[in-house]
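>>> model the structure of this input:
(chains A, B and C)
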Amino acid sequence: MSQAFEQQCRERILAASAGAPLLIQGGGSKAFYGRPVQGEILDTRSHRGVVAYEPTELVVTVKAGTPLAELEAVLAEKGQYLAFEPPHFGSEATVGGMVAAGLSGPRRAQAGAVRDFVLGVRLMDGQGQALNFGGQVMKNVAGYDVPRLMAGSLGQLGLLLEVSLKVLPRPVAEATLRLETSQAKALTLMNQWGGKPLPIVATAWEKTGEGESLTVRLAGARAAVQSAQAVLGGDVLERGAAAAFWDDLREQRLPFFPAAGSFGATGSAGGPALWRLSLPSTAPTLELPGPQLVEWGGAQRWLASDAQARHVREVVEKAGGHATLFRGTAEAREQAFHPLAAPLLAIHRRLRASFDPRGAFAAGRLYEGL
Amino acid sequence: MGDRLPDSPDFATDRAALLAGLGRILPASRLYGELEDLKPYECDGLTAYRNLPLAVALPETEAEVQSILKFCSANQVPVVPRGAATGLSGGAMPHHQGLLLSLAKFKKILKVNPVARTALVQPGVRNLAVSEAAAPYNLYYAPDPSSQIACTIGGNVSENSGGVHCLKYGLTVHNVLQVRGYTMEGEPVTIGSAGLDAAGLDLLAVMNGSEGMLTVITEVLVKLTPKPQVAKVVLAYFDSVTKAGNAVADVIAAGIIPAGLEMMDKAATHAVEPYVQAGYDLEAEAVLLCESDGTPEEVEEEIAAMRAVLEKSGATSLRVSANEAERLRFWAGRKAAFPAVGRITPDYLCMDGTIPRKNLAKMLLAIADMEKKYGLRCANVFHAGDGNLHPLIMYDANQPGELERATAFGAEILELSVALGGSITGEHGVGVEKITQMCAQFTPEELALFHGLKAAFDPAGLLNPGKAVPTPARCREYRQIRGEQA
Amino acid sequence: MQTQLADFIKDTPEGREADAILRTCVHCGFCTATCPTYQLLGDELDGPRGRIYLIKQVLEGGPVTERTRLHLDRCLTCRSCETTCPSGVKYHRLLDIGRQVVEENVPRGGLEALTRLALKEVLPRPWLFNPAVAVGKVLKPFLPSALGDKIPEAAGAPAKPRPTAVRQRKVLALAGCVQPGLAPNINAAAARVLDRLGIQMIEEEKAGCCGALRFHLNAQEAALDDMRRNIDAWWPHVEAGAEAILMTASGCGAHVKEYGLLLKDDPLYAAKAARIADLTQDAAELVMAQKDALLPLLAHRPAAGRKVAFHSPCTLQHGQKIRGVVEELLEAAGFTLTPVADSHLCCGSAGTYSILQPVLSKQLRDNKLSALTAGLPEVIATANIGCLTHLQSGLGSPSSRPSIAGVRHWIELLEDQLTAPETDSAAGTVA
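Just a heads-up that it's a prediction; the model follows:
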């Protein structure tokens, strides 16, 4: 079956060209993300299933079209999980899309990002060649780290066929605490805690109708979670409510996130755009119009704002970070990602050319022409 | 052996012109061109492969690095960057038609930021020096390759170095936030960010483990980790290496992720004991070092769980470190294992294959057979938790034929690693040493993509050419020979 | 490491020894991390691994010029690398052999040769050296700073009276060459401490310089003569039952402990030299062995609580591998030791190094003093006359660092404690 699928893909890739390129798509759950691109859809969803899974090796290999939910269920059966907690943004989300989008959930600051867990990939390049990089072992420095490069490459380098991921046992104990605090104070606290051996796996500061609060998730050995609870204080969230909160944060269902489809162009009256600001965790509260939600110990901040893109980027860059227009109108997303310095942009262009010299895959999802 | 780089194109560098050009950038005391001075630079930690450079440059400032690169780029001179030269794959072996660019003078720790938990360091800073500088804040730099006393951060990034604690704390790639440097053309680049990600493709991921072939690194921002409150290590002795190998899989199967899980066989403990006097049991065939860290309660809980698993797996005796000094001594033995083997043999080759943990015992038995086949001894030191093997093949370079036998022995181990579902190198890099075995692990199309990736950073192919990725010609020859053997 | 020694040396005793040492080195580079000069210069050629390679090149018949000699000259012979080396490379022996070959191939000329000659001939002879210091003090303002800095501002504390009791237990002590002139109280203090422990200390006048000075200036034959003379001077005492040969300068101790090795090919002296080496003990070892007798003597002494920074000389910690012993004795005597970063690194004194390599020496001294004074000690203690005067020269006049009382030999501090007035242990907080 894999062979048939690969053969099919190869034929379509070879038939495609820069004038009539292919747009790789899984469930389409993250189609909103990145620059708008056109192309003939290459649907990966028929290429699904777990290829190999040995819990004692802490590695799973799956076909790229496998629904993410299906993979998570398989892991859960063995008490394991994807520690970077990828957002789904819809039940159709696939494993390939998860890697290509490179998005990670609330645990990212502590556990690592998608790229940190990608051990190997099988991909098809722009010439229809099926290639294997990395593997199923934890450490592997044979050749350049193409598997990690694929994370977040948004289909610009090639078609993911299979991925091998590192998986971890679920922590034995978990607890969620909530403290009332301002954003500035929350940033200070998160950075202070970050310097201590505390089992903090996720943090979120937000301002709601009920006030400003910092929610903290602890996970690990029972004894470690208990002693940390005593150190941090705050109110303990009931289990169900806690799980729902972190799920809703990851899936952007909290009231902070405007309902899908209601996003406007930046600076227009159509509604705010959703920005993802990636910053040093120690960056102070940024003076930008619109509400903010802070995650990852201060390193990821969501901003719902109708401020001019240029203004947002200037402020964020000054603070040492970069800004992504995460959700917005197609027009606004023409510049979804923070501009690159010239030498880096040149490297990006040449990289794409080496993976897809013929332009078989629709270009421009990351930057214009690439 | 290996006094050339067959995988590099030819460069027509004129030494006099090179020295004259660089002489306008560097003072004579930091530029070498005489044989007498060049010779000690002819190899890194892998002495079996040597090559004299045309010149050695020791810049002190980024401006000097940039000028040197611009000059070499304009004059088509290959450049090999080098840190402490502790590498074990010949990655920093010089190019015979090129310049060896030492970054050993870049040894300033520019800033330790305890709040952001980062350290900004120059590439020539020693791995251990970062942790020492962070220690007053109860922080440390997590990756701890065994050569951490001497190896430098620039080299760690280039090799994506691991260590004895990376099962839990990750490799270099997981602990580096940003790298600044210069392309071969002398263009400044900043890759990564002070945040957790950067815009565009994840070039930082490819920088880690790039073996000095993509850009020259002049500054690295690393992540610091809070020191655990307590750490203890269990020593578990076994009467056979296979039992020890199986015990490793059992520990992971029990849902335990030890902070470190290492193994040494009898030959290795015999080599290190005179140096560290750690008190290892010298009768045992193998010892596992299994570490737990965290809060005192957590560690107690985990150590109990580890003991139970290890006893069930057939450990003949167990010993838990009594205090921090003893814990460090137990690890000191493991970390000094490679060079300590120098006490029992004049030369050794250190292999670096990784395999799925379940195959550890199978591999150990195969190595025992190879010892007989090649008539050479082998000491085994493993990052067992990662399935990363370091068989140390002992030989005497003064005996004709021994190096060749050792090399064939090593090649067989690496190829078996690939056959068992693993890789030819886990953390030491391909360099010149394993370049042939790359043909076993990758297809010509895959290797072509690697060449393309390098060209994206270094279109002229001047940075550390002839390393890590073999030419199609080498692989055609390799396949021909293998085909004939089969 | 692979070796192919050249014909000129391959079959000599030195050649065989060098070959064996070279072959234990696996080129791992761990040694560079703790080498003081590599840490300063970041050049392979100025670290142990690079020097080993340079020597290998020389012994294999490769080219050798001033370029090689320069890097060998820069080595402090601190032997920090030997402490670090997991393979057990006997670096200092290889260096001795290498330096001699290089010295023969690349003779020195002019001022450099003269300076070395002067050091070789004056320093080991107290009758020349002491008047020279006196003259030097007068001339100091006119001397180049490398030399001028070496002339101590104030010689150590004046010597306390020596005990006169004749005791059954006797140890021999080396007076040394420069120490009696520069810090006469050190051996006096040692004699007084030993006297309290029931041991009589004897200095044999016919013994002189231990030979280390000339040996490390590549006058190895002359050095061997120094050594033979000492053996002859000490031998009657050894036969009479002296328990040990005491060294209050760790630099001398490290060298005398090698007599056996260095004279192993001399049929007349080999056996005696081995015996002398066996009997030799640093003051730290000797006093520590008497700890049971010492502790009660200290029990009722005022708990000084004085903060001391201890600088362990390379010849003590790397050369003789004596670590933590002096520290334990000082703590037993009631001193508080302040933490010292990079305590494994050399202070830059290294015998005549401070005169021959003034720039590096000064850098190392200043780094060392920063590390030693970071914990705000009241006094710095050490165990070797060379380090003592070198560090003292960096402290400058007492007015420039009024908080530090100076640099002293630890045995003097211990002796001060022993002779301090007894107090009631309950009152125990006399300043």
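>>> buried ones in the longest helix anywhere in chain C?
Residue-count comparison of every helix in chain C, with assignments taken from DSSP state H, identifies helix C:220-239 as the longest. Buried residues in helix C:220-239, counted by 16 or more other C-beta atoms under 10 Å in any protein chain shown: C:220, C:222-224, C:226-228, C:230-231, C:233-234, C:237-238. C-betas here are computed from N, CA, C, even on glycine.
>>> repeat that for stretch B:359-368.
B:359, B:360, B:361, B:363, B:364, B:367.
>>> what about the residue most central in space within chain B, distance to chain A?
Central residue of chain B (C-alpha atoms, centre = their mean): residue B:428, 3.0 Å from the mean position. With the distance defined as C-beta to the nearest C-beta, to the nearest Å, residue B:428 ends up 7 Å from chain A.
>>> show me what contacts the residue nearest to that residue when sequence neighbours are not counted?
Of all residues not flanking residue B:428 in the chain, residue B:352 sits nearest, at 4.0 Å (C-beta to C-beta, 6 or more residues apart in numbering or on different chains). Taking C-beta atoms under 8 Å, 6 or more residues apart in numbering or on different chains as the criterion, residue B:352 is in contact with B:88, B:89, B:388, B:389, B:390, B:424, B:425, B:426, B:427, B:428, B:434.
>>> between those residues, which is nearest residue C:208?
When these are compared for distance to residue C:208 (C-beta to C-beta), residue B:88 comes out closest, at 49.6 Å.
>>> and residue A:361, how far is that from chain B?
Distance, residue A:361 to chain B, using C-beta to the nearest C-beta: 14 Å.
>>> that residue reaches residue A:125, doesn't it?
No - proximity of residue A:361 to residue A:125 does not meet the contact threshold set by C-beta atoms under 8 Å, at 9.2 Å.
>>> residue 342: neighbour count?
In the absence of a named chain, chain A is used. Residue A:342 is surrounded by 10 other residues when neighbours are defined as other C-beta atoms under 10 Å in any protein chain shown.
>>> can you look at chain C instead?
Other residues near residue C:342 number 14, with proximity taken as other C-beta under 10 Å.
>>> mind checking pLDDT for it?
In the predicted model, residue C:342 carries a pLDDT score of 94.
>>> same check on residue B:254?
pLDDT for residue B:254: 89.
>>> that one: neighbour count?
16.
>>> give the contact list for the nearest residue to it once chain neighbours are set aside.
Closest residue to residue B:254 in three dimensions, ignoring its sequence neighbours and counting by C-beta to C-beta, 6+ apart: residue B:309, at 4.9 Å. Residue B:309 makes contacts with B:247, B:250, B:251, B:254, B:256, as judged by C-beta under 8 Å, 6+ apart.
>>> most neighbours out of those, which is it?
Across these, the neighbour count under other C-beta under 10 Å reaches its highest value at residue B:247, namely 26 neighbours.
>>> so what's that residue up against?
B:236, B:238, B:288, B:309, B:310, B:313, B:314, B:315.
>>> at 10 Å instead, please
Contact criterion C-beta atoms under 10 Å, 6 or more residues apart in numbering or on different chains gives B:236, B:238, B:261, B:263, B:286, B:288, B:290, B:309-315, B:360-361, B:384 as the residues in contact with residue B:247.
>>> kindly report the same for residue B:125.
Applying C-beta under 10 Å, 6+ apart, one finds that residue B:125 lies in contact with B:83-84, B:106-110, B:119, B:133, B:141, B:152-154, B:156, B:220, B:222.
>>> could you find the closest non-adjacent residue to the closest residue to chain C within the stretch 351-486 of chain B?
Sorted by distance to chain C under C-beta to the nearest C-beta, the residues of the stretch 351-486 of chain B start with residue B:397, at 3.5 Å. On the basis of C-beta to C-beta, 6+ apart, the spatially nearest residue to residue B:397 that is not a chain neighbour turns out to be residue C:2, at 3.5 Å.
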